[in-house]
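Asks: next comes the sequence, and after it the predicted model I'd like to discuss.
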Amino acid sequence: MSIRFDPRELLEGYDLERLTIAAVASHSALDVFDGAKDEGFPTLAICQRGREKPYLRFRRVVDEAIVLDRFSQVALPENVELLRRRNALLVPNRSFAVYVGYDVIEERFRVPIYGNRYLLRYEERTGEKNYYKLLDEAGVRRPRTFESPDDIDRPVIVKMPHARKRVERGFFIAADRDGFWRTFRRLVRDGVVREEDLAQASIEELVVGAHFNVNYFHSIARGEVELLSIDRRIQTNLDGLLRMPADAQLEVLKYVDVEYVEIGHEPATIRESMLSKLFEIGDAFVEAAKRVEPPGVIGPFTLQLMVTPDLDVVVFDVALRIGGGTNAYMGVGSQYSKLYFGRPISMGRRIAMEIRECLEKGCLEEVVT
């Protein structure tokens, strides 16, 4: 077991009255920066050359931007020291995890991170640490998985790395075992997935229902799990195909492979009678994460789920940091947050509020790893 960072040592030498909120400038960083500014914190954007323009143009929310050749360079000793001189507290997003890498984040990145850095790798479906383990520990229903394509006995969705867009996943659906091999070979031929990545594939039963991304916040300062917002994904080129008449879809699908690349999100609500179930699974997930990877979930997390015609909830994906869909509420605030605070707030602002409250209560060490 690797040696873990001590939050007190990470914060040693910091001027907490000049704490700066930092994030890798991608994914949901603008939401983080906007919320930080609303709570009076200075902000620092860690940019990659060629992708820095939005963070230089939205000047109200970014006080300082550093531009690196690659995001991964943020972990170089000179950049770590730069962040520490700025009293930077980093809010992780998916881009931070993907481009910097779990091993580096856990063992070499000596900057205080808001949240549990050791939970980030549990977003994967393979390896010893994965989100199936968390869901099973929580007793939350998830899709059945198949070890081998030859075990498939029902419709499945296959999730594996995209051949060209390595930070994306190459999803495809198959009705049965033979359908799996036909589709897989065609996608390999078309360059969508790679044959050598099959070992990394997750094969899950296909659960048909209404999909929701449910965005929670585990507040350490207040000791409760909050349900702040719900959104849904917009995916290319699936979104474009679904806008076509059925006969046109069938024709186009002769020439186009469906890709589930996430490109945006839209707000959603769920009927009120389902909210009790959502609180139950959120609470159970938080308690399970404490047991599996202490100190467990700190701050934002997302459970992506299906609601079946029988109104069962099946969680098919997990985000253990600020989710991409929360930026649908940036600036205007999310629908359920108003029920807590009397005004709608974004997830970015909720994070900043928690940091502010922990500074005042002296519990910052409890929300940093």
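Replies: That came through, no problem. This structure is a prediction, so every number in the text was calculated from the model and none was measured.

Asks: walk me through the domains of the chain.
Replies: According to automatic domain parsing, the chain comprises the domains 7-116, 131-140+209-360, 145-205.

Asks: for the second one, the distance to its chain's centre please.
Replies: In this view, domain 131-140+209-360 has its centroid 9 Å away from the chain centroid, taken as CA atoms, centre = their mean, to the nearest Å.

Asks: then the last one?
Replies: Per CA atoms, centre = their mean, the displacement of domain 145-205 from the mean C-alpha position of its chain is 22 Å.

Asks: ditto for stretch 130-141
Replies: 16 Å.

Asks: next: stretch 35-52.
Replies: With CA atoms, centre = their mean, you get 18 Å for stretch 35-52.

Asks: for it, buried residues please.
Replies: Neighbour-count burial for stretch 35-52 flags 35-39, 41-48, 52 (criterion: 16 or more other CB atoms under 10 Å). Every residue, glycine included, has its C-beta placed from N, CA and C.

Asks: closest to Pro149 out of these?
Replies: Proximity of the buried residues of stretch 35-52 to Pro149 (CB to CB) peaks at Gln48, which lies at 36.7 Å.

Asks: which strand residues bridge that closest one?
Replies: Leu68 (DSSP bridges).

Asks: just to revisit the earlier point, dump the domains of the chain to CSV, plus mean pLDDT and distance to Glu366.
Replies: CSV is the format used below for the domains of the chain (pLDDT from 0 to 100; distance: least, CB to CB, whole Å):
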stretch, mean pLDDT, distance to Glu366
domain 7-116, 97, 8
domain 131-140+209-360, 94, 5
domain 145-205, 86, 31
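
Asks: so which residues make contact with stretch 348-363?
Replies: Contacts to stretch 348-363, defined as CB atoms under 8 Å, 6 or more residues apart in numbering, come from residues 16, 19, 21, 28, 30-36, 38-41, 89, 91, 114, 217, 219-222, 226, 228, 299-300, 322, 326-327, 330, 333, 337, 345, 364, 366-367.

Asks: now the buried members of those.
Replies: Burial by neighbour count, 16+ other CB under 10 Å: within these this picks out 19, 21, 28, 30-36, 38-39, 41, 89, 91, 114, 217, 219-221, 226, 228, 299-300, 322, 326-327, 330, 333, 337, 345, 364, 367.
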